[in-house]
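Peer 1: Here is the input, now give the coordinates:
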Amino acid sequence: MLRFDIAPVCSNAYRIQAAVTFMVSAAYLFTPYQWLAVILAFGGLLRGFVSPHKCPSYRLFAGLTGKAGKARPVNAGAKMFADKLVAIAGAVMLGTWFFGSSIGMIPAAALLVFSFIDLTVGFCAACWAYTLWYKLRAA
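Peer 2: The predicted structure is shown next:
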């Protein structure tokens, strides 16, 4: 479902956000700094459930891409869906770290793979799934 109640977002700013997701997921998997999952949980919560335009990191990245002349506006709906998934995965990662479980490695690995794909080729799997869901519902 297209979101017209929220201003379009910059897809290139979201690619930079994918780099942050990649780095935090890598840190979660390969370093003892698993508490960094709070960045994913909080950022995803703010961008996905409130508004991307209220998130400091998105505002920074959108400003940088705008100044570089690389702003590419897209509808916010699919990106907000992707952020909701990041918020859930980040919360699971944070919770399992807090309770000493290693189950958080599963969503961390998924975020690592999908954020790498988004970062390198610009394919957002969650955005694709979001669009497919609404196309199937309409048929």
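Peer 1: ok, which stretches of the protein are helices?
Peer 2: Ranges of helices within the chain are 11-30, 37-45, 56-67, 76-98, 105-121, 125-138, based on DSSP state H.
Peer 1: Where does pLDDT dip in this structure?
Peer 2: 1-2 (pLDDT under 70).
Peer 1: hmm, back to that, any chance of TSV for the helices of the chain, columns distance to Phe4 and mean neighbour count?
Peer 2: No exception for glycine: its C-beta is placed from N, CA and C like everyone else's. Shown next, in TSV, are the helices of the chain (distance: least, Cβ to Cβ, whole Å; neighbours: other Cβ atoms under 10 Å):
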stretch	distance to Phe4	mean neighbour count
helix 11-30	17	21
helix 37-45	22	21
helix 56-67	19	16
helix 76-98	9	21
helix 105-121	24	18
helix 125-138	14	13
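Peer 1: Give me the contact list for stretch 107-115.
Peer 2: 18-19, 21-22, 25-26, 28-29, 37, 40, 86, 88-90, 92-93, 125-126 (Cβ atoms under 8 Å, 6 or more residues apart in numbering).
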